[in-house]
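Undergrad: My questions are about this predicted structure, shown below with the sequence.
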Amino acid sequence: EAKEHFARWVALDSGQKVDPDSIFDCQVKRIHEYKRQLLNVLRIVVLYNRLRETPKLKMAPRTFFFAGKAAPAYHLAKVIIKFINNLAGTIDGDPLVRGRLKVVFLPEYCVSLAERLIPATDVSNQISTAGYEASGTSNMKFMMNGALTIGTLDGATIEMAEEAGEENFFLFGLTADQVAGNRSWYNPRWHYENEAETQAALNLIFSDYFSRNEPGVFEPLRHALLTGGDHYMHLADLTSYLDADRRLCDLYANSNAWAHKAILNVAGSGKFSS
């Protein structure tokens, strides 16, 4: 009911049509490299590539929502927002995946939007580079409203998993100690050269597939992820993120098992009530 309510509201508010029968997968927070909206869009490009290569692939319909603001002078954050919107437009224009994948960047994030979106959310993305998030509160709001979390062991997500049980979360990625320990020798090109889906996703982005009318506009992403050293270790966590995403989709196919974990999350959220 909350998903249907949100779908009606967003259609009236912004003209966006979303399918309430799809998985509502959300990342709502300030746009920043360490919060890794870029990791999320890499996951979506990988899923898009899978459907392009195997059109009959079984995959539950999914709607990926992004919302949040960026500092006025934070150029790369603005490029990430632009990429999310270009990705959304490309997917909407591709009859091969239309109705199976949808990306929506919700503008002007505010309380009125949050009050409708958070209760409608199935999946909450809390995917910051481990060791960088001081706490976070959106993760708690999603938990209290019954969303399941896919995320790293970072910030308050650690305490949330302790309360509800790690088995009721989709945890992935490097720990804060591993991030710090790997810093001196981490090489993102290893992942590019040795992980086929990572390479295919990056090649598609850098080929201007999502920016045909503005060639080169996403070169800052190449610098951030490859030539600049991938400071926030997006590529190091991408394969693990995709594995957690597969486990999430497997569970979603069993509505009783999904509801069981959602109820335990709500029941375990009392510690975080203000």
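TA: Nice, I can see it. Numbering: from 1, shown residues only.
Undergrad: And the nearest residue to R98 once chain neighbours are set aside, what's its pLDDT?
TA: Leaving aside its sequence neighbours, R98 sits nearest to D92 (CB to CB, 6 or more residues apart in numbering; 6.7 Å). Every residue, glycine included, has its C-beta placed from N, CA and C. Per-residue confidence (pLDDT) for D92: 96.
Undergrad: any idea how far E1 is from D92?
TA: With the distance defined as CB to CB, to the nearest Å, D92 ends up 26 Å from E1.
Undergrad: and if you look at S273?
TA: For S273, the distance to E1 equals 23 Å [CB to CB].
Undergrad: just A161 next, same as before
TA: According to CB to CB, A161 and E1 sit 28 Å apart.
Undergrad: Those two - which one has more neighbours?
TA: Neighbours were counted for A161 and for E1 using other CB atoms under 10 Å; A161 has more, 20 against 8.
Undergrad: Below-threshold pLDDT in the stretch 101-250 of the chain: ranges please.
TA: Of all residues in the stretch 101-250 of the chain, none has pLDDT under 70.
Undergrad: 90 - rerun?
TA: Residues of the stretch 101-250 of the chain meeting the criterion pLDDT under 90: 135-136.
Undergrad: where exactly do the helices run in it?
TA: Ranges of helices within the stretch 101-250 of the chain are 111-120, 138-144, 157-164, 176-182, 188-194, 196-206, 219-222, 234-252, based on DSSP state H, counting those that start in this stretch.
Undergrad: And F24, how far from S128?
TA: Relative to S128, and taking CB to CB, F24 is found at 21 Å.
Undergrad: T157 now?
TA: For T157 relative to S128 (CB to CB), the value is 9 Å.
Undergrad: Which helix or strand contains the residue positioned nearest the centre of the chain?
TA: Against the mean C-alpha coordinate of the chain, by CA atoms, centre = their mean, the closest residue is N40 at 3.6 Å. Element membership for N40 (DSSP states H and E) is helix 37-53.
Undergrad: Doesn't Q27 lie inside a strand?
TA: Yes - under DSSP: H, G, I helix; E, B strand; the rest coil, Q27 falls within a strand.
Undergrad: What is the end-to-end distance of stretch 15-31?
TA: Stretch 15-31 stretches 23 Å from its first residue to its last (CA to CA, to the nearest Å).
Undergrad: So which bits of that stretch are buried?
TA: Residues of stretch 15-31 classed as buried by neighbour count (16 or more other CB atoms under 10 Å): 16, 18, 22-29, 31.
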